[in-house]
Each structure stands twice: as structure tokens, then as C-alpha cells.
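K.L.:
this is the structure alone, sequence omitted:
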């Protein structure tokens, strides 16, 4: 599992009563525990499953995820149930993230399925399948999520989500691409990701991410827009500085950007970030994150 | 704990919206984790407890059971709280089960308490006590469940359930019998089980189970009926074939039957089954189950 | 974690339906599991977190607490999230407790925050900070709990709770004191605890606890009153006898008292108690408790 805690500032925070003044700075924390059960059969095949529980500030108590089960052998991994998705698992996509809460306005802005850390809620019959294959630095992934597997013929907000992803690392370069159809089960909500990164030395790297964030026209919304993010990081005297700039092609959207720094505490990481969003509002955090 | 996943076909499946056409084949899975805490005292007595959490397809998230606590010494085990029950724990009762989901129309058809894998729901004051004693191949069990232990005088659907069970193995024979009074707390809902099995070789066995499934007359229902199940299994070249036939003495009930096969994957088990129910509908499954 | 089970008698028990006669004696049990994740960094600092789940008789299923995260180094411990509080953590305060359920009418009678074993419920934005420092037998603690950290200006029932505590052991004496302002977030609900204990031999000790249990006048209630408890315990032939007397300065309140005995089962403890409350009603218990 993992844990994190620290201070979180948001210029546009809203109070829980939606009326009175809000504290712009709050204490943010999350504790995540993965319960992993597995065994390796005599023939080398691994069978296992995962249920997660976690608690984040703002939630009344820790809560369970649904279960994922998997089989793994010879570089092929198949997951069912609360499976990962290809689109969410592609390399580079979340590399622009900074701060102890690992956030970025350069993350995808569209709606798509992923491993669900909390309850499915009303989508109790949701089910996913995910297949991943790795060979010689190439990672190939495909996934299918049905919002309700008992329905033979579901409506426009309950379509099958299909996604594929591929990434490849050669020397200092990594390239990655992913595509999702009917993201989050919404008809026509197709999204594309393309990313490239270059590790120019042991101390640093730069990358460029392109996201077509989908189209909600078929379900009563509009285009989410495309975003392009340039990001990089550099380690100097044990401190890693990281930053990004994101341009979103939506009328009135400001250029978003962020600057972060992190320091290894000998296992835990002290990290902070200051970011400016598409609406010009500032958010910042400073805290510690750790893995168990 | 244990896990399982695979395909589940049901000719009579109903869609979640109860209106549109249903997918007859769905992906079925379950991940079950038993949290067992225990220690052995200096005098050899073992004290412990169990809380279970699990997630099955169709449920929004994993969820907890209530707690069971126990003491064990010299072949005697006492459980309190979310205790097992004698009737549910008798030998042979579930032997007709087949498929990766371990189901059978030859299972008891009546209503009775058992260790509760999920929440008690509205029965939050339910409590059970269970005593088991084993000696020389004989297993004796007795249990009591109160649907609401705070009520001194409860109504006809909140009666104390009492059950007893005994089984005995000698040479290739096993015999078992169990009786439950006021099953599931329902007044007059008494049920009887008698089973006998014969292991004719290391490769196979046959058995016969009799179930008087109870009587709901006192709570506004009727007789559930008696059922008789003949079952057997045989291992040939590493594949275990199993089958059963169940006759239910209810007007219009078809003879139910099932045929299954399972194969040891070196710890995990590949298993499948085809069954025909009392209404003549077919169900089938094929998948993998495992223990951790 | 820990477990306990046994019989619980209450002269004034109310049935769950609030109407019919109640069983005065019920089966009481609790199973508590602490999920602790932590690691020690290279520089000796320990980072960790805790989520608890437990089930007590009367609850439908086990349930999670919110998360606490902490850092510990050089005798200083800082907790955030579902943190302990100084007032609840002071030495001696719960020493009058007896029986397998560890209860006493000599416990504080006021309302104040502590580590929350269950859900926050509606107070989902509650957050706490706790600092503890130990040196040479002196323990110093301070804590702050905000009922809703998103609100900049909360009402009289959502005030910040602040508490401090100190205790010191020298030779056979222990002294302790604690103060809490706005207990449980209630304006003006300030409480004071002072305790002293003397260990007169290896076999026994006596103590005196004073509690000013707070004032609910600002939130529509009244004074809770002050209580004074004299308690002691003595071990004779392996059996520990313990007792207490509590005087509460509220009109019409009887003197409360209790007598208990406990016996070490080699890790588990057999314990029982008989107590008489401020209303003159008797309660008693007898059972086993254990730690894992």
C-alpha cells in the first residue's frame, strides 16, 4: 500500500456547506492498503486477486474496492472483474504529475474507466477484462469494460468501453500511445493519447504528451478538447525539480502550468508543488508520501 | 481465502433492469479473504476470531461479515457471534456440488442459518453459539442462533434456531445426519438431512443425500418438499468427472441433474458444469478456482 | 488486534424494538483488527498509518475506521487524520475499568474526541493532529481536532477541540492531568482530568481520579458535573481483584461502584465485574479477552 499527508491549498476551494467561507488550506491525507492474494502453481502460472481499501480526507471511513482476479504466465497477464484498463495503464501518461499528491493539469481530462479504488455504486454489474503482454521492452495492452454485463442491449451511457495501449522504450527514448472507445461507457466518447519522452541524462528527462480528451456530444455534452503538455524534471543535489506547461484548445482556457520539487527522505519522499489551472486559479501542496 | 472466475450461463437469467433482454452468459467471479486472528495460550488452548470480506460479481464493492470468536481445546471447539451452525457444517451435505462455482440443485432447498459472509442487515442483534467435538472419526455438532438476542419474547419469524449434526467415517463409508428446528428463525421450519457415501476406490465414490427441506406453514408459506440426490465422481487420467440426479416431490418439478468435470492445474482447479434445474432450465459454468 | 466475548447482564436493558421485554443477559463480543502499515527510513524516522476494522455485538457487520498517518522520531510522534487526542490518551484515566469489557462508571462522563473506531458519519471532513513527546518518564501530549476542516467559520457545535495532557511516573507514584477545550467540537464544553496513583507493592496499587466532565450550556444543555473516583487492585494467588467507588455531584445521582476479578489464562484473560450505576441499576459481565 501507500500513504501520504500534508497541506493542500486551493484558491477556489468550496466549503462543505457550499455557502460559508472555505478554508483554502486543509490537511490532505490518504492511506491505501492493497490486499493481494496469490499463489504460483506447479507449472509456473500465477493466480491471484486484489481488493483495495483506502481512506482519503473528506471520506467518513475507509472503504473497499470491488475485487480483481488475475492469471499470469510467460509475460501475459489477464485480469477480470475490477480490472485495470489499457488506456489508464499506458506509459508516460501520468509523468507530468507533481507534488506529494501526484497531480497535474497535464493529466488526461476525459472520462474513462480504470481500476476502481472505491465502490462501483449503482454500476454494481460492471465488469472488466484486461490483457497485457510484455516482450523486449514493448508493452501491449487491451481491455474491455461493460457498465452492466447483465444487459444485452444497453443505452448510450452504458456502452462497452474498449481500449488499447502500446509503449516501447529504446535507449533514452520512450514512446507510448493509447486509444479508448466509448470512454466510461459513454457512446462516442473516444479518446487518444500519444506521448514521447527523452531521458537526456541520469539526472533528467523531458517529454511531450498529446491528449484528445473525448466527445460527449452523443450523451448531451460537447467536445472536451485536446491538450498538449510539455514536461521535464532534473535532479540537482538530491532535489528533483519538475515542471510542466499544458495548452488546452478550449475557448477562454488559460495555459496551465506547474512547478514541483521533491526530496528523498530515505524511503519516504518530501514533495511540494504549485500549479495554475485552466481557470487561472492556483493550487499548491506540500507533504510526505510513502510506500509500504 | 479463495478466488474463482469464469463464465456463467443461465437460460433464465433476468437483466438488472428487469425489463430488457439479458445476457445469458456473464463473467462470474468471487474473491474471499478470511482475516483470522488467533493465539495459543500456554496451556494449549487456542483463542481466535474471524472476520471475512469478499466481493462477488453483481456487488458494488467488497464487504465485511460480522465477527466470529472461538476457543478450541482437546477436540472441542466453541464459536460465538457469527458462528457456524451444526446443520450447515454436517459432512456430505454439499458433496453433490460441481463446477467452478461449486453449485448443485442437490443442495438443501430450505432456509437455515450459517456463517454469514455478508452483513446481517436488519438482523443486527443476531447471535449464534456453536459447539463441535471430534473423536475417533465421529464429529458431533450443535448450534443455537437467536435472530435478535435483545428480545425476550420474539414473534414467529424471530424464533431461536437450534440444530444438531453428526457424521462418522468407517473404512470406505461415511454416514451423516443433521436436524434443524425453526430454520432461519422461522417457527416450525424444521429440516432433516441424512446422507451416506461409499468410496469404492481411490478414484471414485458415490453417495445418496436425503433432505426434508422444511415447512413454512406457520409463517404464511407451505411445505418446501423433500429431495433425494444420487451423486458420484470418478477420476480418470487426472480429470475428475462428477454428476448427480435430484428428485423433488413437488408437483410439476422436473428431475434436476448435472454433470461436471474438473482438472487440477497444480494448485488451482479448472472446473465446469452443465445442470438442468427443477423448472427444466439449463445453467452452466466454466472457470478456475483457487485457494490462498 | 484484540478480541473478547462473554455474557453481559444489564438490569435496565432495552429491547431492540423498544417495546417488548428485553433479555437482561446477552452474549457480548468484539473482534478488533488494526491494519498497521509502516516503514523506517534510512535516517531512523518511522512513517506509518493505521486503519482499524472491528465488529461488536449489535452491529450488522465489521466496519472500517478512517485512516491515521504518523511520523515518529527521537521520542516525538506526530499523527494526522483520525489521530489520537491528548485528553483521551492521558495516563491513569481509564485505570478504574474492570470486567472483560473493560468498563467503569469512573470513566470520564463528558464528550470529547478520540481515535474513531468507526465511521465519522456526517462529519466526513473531520481532521485531527496530535503530537506526543516522551522523555525521562514524562509524557507530554497536545492535539487539535476540527469537526469540518473545509469551513473557515463554523457554528457552536463545530468548534476546534484543543487538548493537552501530561503525566509523570517517579518511583511508585504516577500523576497525570489533562484539559480539553470545546470537547467534541461543542463550544464551551471544557473538561479537566487530574489523577494520581500509588503502587504500594508488586501486587497492588490505589488511585484517585478527578473529572470535571464539561459544560453543554452554550449548546443547549447544562453542566455534566464533576466526578471523583477512588480505585484499587490487588493480586492474590494469581487472581487480581479490583474495585472502585465514584461520586458524581449531580442531584439524585447515586454513588456508583464496581468490583471485578480477573485471571490470566496464559495470554488470554478471564475477567468479570459487577457494577452499580448512578441510577442504582446493576450491570455485570463475565468473559474472556485476548490480544493478537
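P.N.:
Structure's in. What do you need? Keep in mind it's a predicted model, so treat the numbers as computed, not measured.

K.L.:
any idea how far residue A:282 lies from residue A:11?
P.N.:
In this view, residue A:282 and residue A:11 are 5 Å apart by Cβ to Cβ, to the nearest Å. (Glycine included, C-beta is placed from N, CA and C.)

K.L.:
contacts (any at all) between chain B and the one helix or strand residue A:79 maps to?
P.N.:
In this assignment (DSSP states H and E), residue A:79 forms part of strand A:76-81. Yes: Strand A:76-81 lies within reach of chain B by Cβ under 8 Å from any Cβ of the partner chain, at A:80-81.

K.L.:
and the longest strand for chain A?
P.N.:
strand A:25-40 (DSSP state E).

K.L.:
beyond it, next helix or strand please.
P.N.:
Later in the chain than strand A:25-40, the nearest helix or strand by DSSP H and E is strand A:46-56.

K.L.:
check whether that following strand contacts chain B.
P.N.:
Yes: interface with chain B: strand A:46-56 contributes A:47-51, A:53 (Cβ under 8 Å from any Cβ).

K.L.:
next, format those as CSV and append distance to chain C.
P.N.:
Below are the residues of strand A:46-56 next to chain B laid out as CSV (distance: Cβ to the nearest Cβ, whole Å):
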residue, distance to chain C
A:47, 24
A:48, 19
A:49, 18
A:50, 15
A:51, 13
A:53, 7
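
K.L.:
from residue B:32, how far off is residue A:78?
P.N.:
When Cβ to Cβ is applied, the distance between residue A:78 and residue B:32 equals 20 Å.

K.L.:
more neighbours, these two?
P.N.:
Comparing residue A:78 with residue B:32 by other Cβ atoms under 10 Å in any protein chain shown, the one with more neighbours is residue B:32, at 22 against 16.

K.L.:
pretty sure that one sits against residue B:50.
P.N.:
No: with the criterion set as Cβ atoms under 8 Å, residue B:32 and residue B:50 do not qualify as a contacting pair; they are 11.7 Å apart.

K.L.:
circling back to that earlier point, who wins on neighbours among the residues of strand A:46-56 next to chain B?
P.N.:
Per-residue neighbour counts (other Cβ under 10 Å) across those peak at residue A:49, which has 29 neighbours.

K.L.:
what pairs with residue A:40 across the strands?
P.N.:
For residue A:40, the beta-bridge partners are residue A:46 (DSSP bridges).

K.L.:
meant to ask about residue A:164
P.N.:
On DSSP bridges, the residues paired with residue A:164 through beta bridges are residue A:142, residue A:179.

K.L.:
so who does it touch?
P.N.:
For residue A:164, the contacting residues are A:86-87, A:140-143, A:178-179, by Cβ atoms under 8 Å, 6 or more residues apart in numbering or on different chains.

K.L.:
look up how far chain C lies from it.
P.N.:
Using Cβ to the nearest Cβ, to the nearest Å, we find residue A:164 at a distance of 35 Å from chain C.

K.L.:
same question for residue A:266.
P.N.:
Between residue A:266 and chain C the distance is 3 Å, computed by Cβ to the nearest Cβ.

K.L.:
neighbours of that residue, how many?
P.N.:
Residue A:266, neighbours per other Cβ under 10 Å, totals 13.

K.L.:
show me what contacts it?
P.N.:
Contacts here follow Cβ under 8 Å, 6+ apart; on that basis residue A:266 touches C:41-43, C:45.

K.L.:
where does it land on pLDDT?
P.N.:
The predicted local confidence for residue A:266 comes out at a pLDDT of 87.

K.L.:
swap in residue A:153?
P.N.:
The model's pLDDT for residue A:153 equals 86.

K.L.:
ok, residue A:43 next?
P.N.:
84.

K.L.:
quick one: it and residue B:265 touch, right?
P.N.:
Yes: the pair formed by residue A:43 and residue B:265 meets the contact definition of Cβ under 8 Å, at 7.1 Å.

K.L.:
which of these two has more residues huddled nearby?
P.N.:
A count of neighbours by other Cβ under 10 Å puts residue B:265 above the other of residue A:43 and residue B:265, at 18 against 10.

K.L.:
thought that one was touching residue A:40?
P.N.:
No: between residue B:265 and residue A:40 there is no contact under Cβ under 8 Å: 11.2 Å.

K.L.:
flag every residue of the stretch 51-200 of chain A that's near chain C.
P.N.:
By Cβ under 8 Å from any Cβ, the part of the stretch 51-200 of chain A that sits against chain C consists of A:53-55, A:57-63.

K.L.:
now rank those by neighbours and give me the top one.
P.N.:
Sorting these by how many neighbours each has (other Cβ under 10 Å) puts residue A:55 first, at 27 neighbours.

K.L.:
from chain B, how far out is that one?
P.N.:
If you go by Cβ to the nearest Cβ, the gap between residue A:55 and chain B works out to 14 Å.

K.L.:
again with residue A:157
P.N.:
Residue A:157 is 13 Å from chain B, where distance means Cβ to the nearest Cβ.

K.L.:
ditto for residue A:154
P.N.:
Relative to chain B, residue A:154 is positioned 8 Å away (criterion: Cβ to the nearest Cβ).

K.L.:
wait, is that residue part of a helix?
P.N.:
No: residue state for residue A:154 (DSSP: H, G, I helix; E, B strand; the rest coil) corresponds to coil; a helix is not indicated.

K.L.:
phi first, then psi, for it.
P.N.:
phi -100, psi 160 (degrees, to the nearest 10).

K.L.:
that one: neighbour count?
P.N.:
Applying other Cβ under 10 Å, we find 21 residues neighbouring residue A:154.

K.L.:
before we move on, what about residue A:280?
P.N.:
By the criterion of other Cβ under 10 Å, residue A:280 has 12 neighbours.

K.L.:
ditto for residue A:31
P.N.:
If you count neighbours by other Cβ under 10 Å, residue A:31 ends up with 28.

K.L.:
what's the answer for the one 10 residues further on, then?
P.N.:
The criterion is other Cβ under 10 Å. On that basis, residue A:41 has 16 neighbouring residues.

K.L.:
from residue B:235, how far out is it?
P.N.:
Using Cβ to Cβ, which is the criterion applied here, residue A:41 is 19 Å from residue B:235.
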